[in-house]
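Peer 1: Fold the following, please.
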Amino acid sequence: MGVFHQIREVFFRPSLGELDKLNTLWDGSSVIVDRISREGFVLQNARLTLSLMAQPSVISRFMAKRGEEARGTGFLARFLIAKPRLMAGQRTDQQLSELLRLRSFNARIHELLNSPLLTERQVLSFSEQAKDRWFQYSRFLELQMKENGLYFYLKDHASKLLENTSRLAAIVHTFERTSNNQTEIDCSTLEFCWKFTQHCSKHFIAHLANEPQIVIDANHLAHYLLKLASKQDPFALNKEEKHSRASSNDTRAELPRDLISGARATFTITQLKQFGPSSLRGRANTARLEGAIDLLCKLGHIAKEGSRYRFQESILLRQEPELKNGEIVEVKELPLFNEQEFWTPQRGYGYTAGYYIKVR
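Peer 2: Numbering: from 1, shown residues only. Below is the predicted model:
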């Protein structure tokens, strides 16, 4: 275990510049340490935990100086990245002792620290349901590493996501279990850890890597479709608002005042190739266009109807979409999943059940 007083000692100190050795330790393999003035040695069965907290300027300098090497060797891919929001000006004088969950957490940590160490390493396994879910996540990552996938240019990062998820699931299970004999990780623990690592993945993409091309293309396409919607029916939103504000004598189902369905449009592939975003026009960009459409379909904003496609600013589906905007991926031109609400009318006709955008 190493304790460093200055973060630059980890990022820039020459003696720790061999990132491949840190990678090897993280993987659990043995490391040969050669010395010039003293006898070398072999690190076996070592366990490495590396927790780094640095100001954005330090990270920026590291990325400028050694970012390509760190990405190329897979060093950064082994981290769970988080950039917390700024709290300056929002902090309160609430005492930590008042935070009940923190007290429970500290009590459990104290209990674990005072428990006798296990004489042998313990193997944890996933339940059958968790195994099935693990393979679902694995297939998802493989698909997204293909061309036009979310992780096509981030294969180094994607290849470690599931391993990080598994390790985190083991830690959470060990922390929460009531007996050392409980060695099976359940599906809910794995699902929680997958959501957490996906959130960290968003931070990695936003702060340490470039936005995936398919997300850029989807944003351009969504921007174009929103403009197209305003041309096809420029008064759609006004009509919708008037409907939702109808008199109390109207027996049709009315939208609550804080919900709207947003813009709508229909289009064809030919139309997009001719008049769509310039970066997605023509035969040469067919694959990119199809990838952007597919992503918006998975987010629930596009549906194919015969030879035409239907676009809607809010989610078109009656069920949750395959991908939720703002979780694994974020298309900034469209509302986030948590900015929408599934609404069911109390009356039989008028507005239909579905997702609507929450108005702030």
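
Peer 1: for stretch 317-324, which positions count as buried?
Peer 2: Of all the residues in stretch 317-324, those buried under the rule 16 or more other CB atoms under 10 Å are Leu317, Pro321, Leu323, Lys324. Bear in mind the C-beta positions are built from the backbone N, C-alpha and C, glycine included.

Peer 1: What of stretch 22-39?
Peer 2: Leu22, Asn23, Thr24, Leu25, Trp26, Val31.

Peer 1: And the buried residues of stretch 317-324, which is closest to Glu290?
Peer 2: Checking the buried residues of stretch 317-324 against Glu290 with CB to CB, the nearest one is Leu323 at 16.3 Å.

Peer 1: and the residue lying closest to the closest one once chain neighbours are set aside, what does it touch?
Peer 2: Of all residues not flanking Leu323 in the chain, Lys298 sits nearest, at 4.5 Å (CB to CB, 6 or more residues apart in numbering). Lys298 is in contact with Pro321, Glu322, Leu323, counting by CB atoms under 8 Å, 6 or more residues apart in numbering.

Peer 1: how about these in CSV, adding distance to Ser261 and secondary structure?
Peer 2: Output for the contacts of Lys298, formatted as CSV (distance: CB to CB, whole Å; DSSP: H, G, I helix; E, B strand; the rest coil):
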residue, distance to Ser261, secondary structure
Pro321, 16, coil
Glu322, 21, coil
Leu323, 20, coil
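
Peer 1: Gln340: which of those residues is nearest?
Peer 2: Pro321 (10.1 Å).

Peer 1: What sits closest to that closest one if chain neighbours are left out?
Peer 2: Nearest to Pro321 is Gly300, by CB to CB, 6+ apart, at 3.2 Å.

Peer 1: Leu272 too?
Peer 2: Here the residue nearest Leu272, using CB to CB, 6+ apart, is Leu289, at 6.1 Å.

Peer 1: ok, the one you found touching Thr270?
Peer 2: No: Leu289 lies out of contact with Thr270 (CB atoms under 8 Å); the separation is 11.0 Å.

Peer 1: Who has more neighbours out of those two?
Peer 2: Leu289 (23 against 10; other CB atoms under 10 Å).

Peer 1: Let me know the distance separating the more buried one from Gly282.
Peer 2: 9 Å (CB to CB, to the nearest Å).

Peer 1: low-confidence ranges in the stretch 201-350 of the chain?
Peer 2: 234-253, 347-350 (pLDDT under 70).

Peer 1: Quick one: the helices in it, in order.
Peer 2: 213-232, 236-244, 269-275, 286-298 (DSSP state H, counting those that start in this stretch).

Peer 1: hmm, back to that, I'd like to know which of the contacts of Lys298 is nearest to Ser278.
Peer 2: Using CB to CB, these come closest to Ser278 at Leu323, 25.9 Å.

Peer 1: Correct me if wrong: that closest one contacts His301.
Peer 2: No: distance between Leu323 and His301: 10.4 Å, which falls outside the contact criterion (CB under 8 Å).

Peer 1: What is the burial count for Leu124?
Peer 2: 15.

Peer 1: Show me the domain layout of the chain.
Peer 2: 123-210, 213-238+255-358 (the TED database).

Peer 1: Of these, which is nearest Thr49?
Peer 2: domain 123-210 (10.1 Å).

Peer 1: What's the end-to-end length of that closest one?
Peer 2: 38 Å (CA to CA, to the nearest Å).

Peer 1: That one: how far from the chain's middle?
Peer 2: 11 Å (CA atoms, centre = their mean, to the nearest Å).

Peer 1: Lys273: what's it in contact with?
Peer 2: Taking CB under 8 Å, 6+ apart as the definition, contacts of Lys273 comprise Leu280, Arg281, Gly282, Arg283, Thr286, Leu289.

Peer 1: Kindly supply the PyMOL command isolating those of those that are buried.
Peer 2: In PyMOL syntax, the buried subset of the contacts of Lys273 is picked out as below (16+ other CB under 10 Å):
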select buried, resi 280+289
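
Peer 1: Quote the end-to-end distance of stretch 346-357.
Peer 2: End-to-end distance (CA to CA), stretch 346-357: 18 Å.

Peer 1: before we move on, what about stretch 31-45?
Peer 2: Start-to-end, stretch 31-45 (CA to CA) is 9 Å.

Peer 1: Mean confidence (pLDDT) on it, please.
Peer 2: Averaging pLDDT along stretch 31-45 gives 82.

Peer 1: Tell me the gap between that stretch and the middle of its chain.
Peer 2: That offset, for stretch 31-45, works out to 39 Å (CA atoms, centre = their mean).
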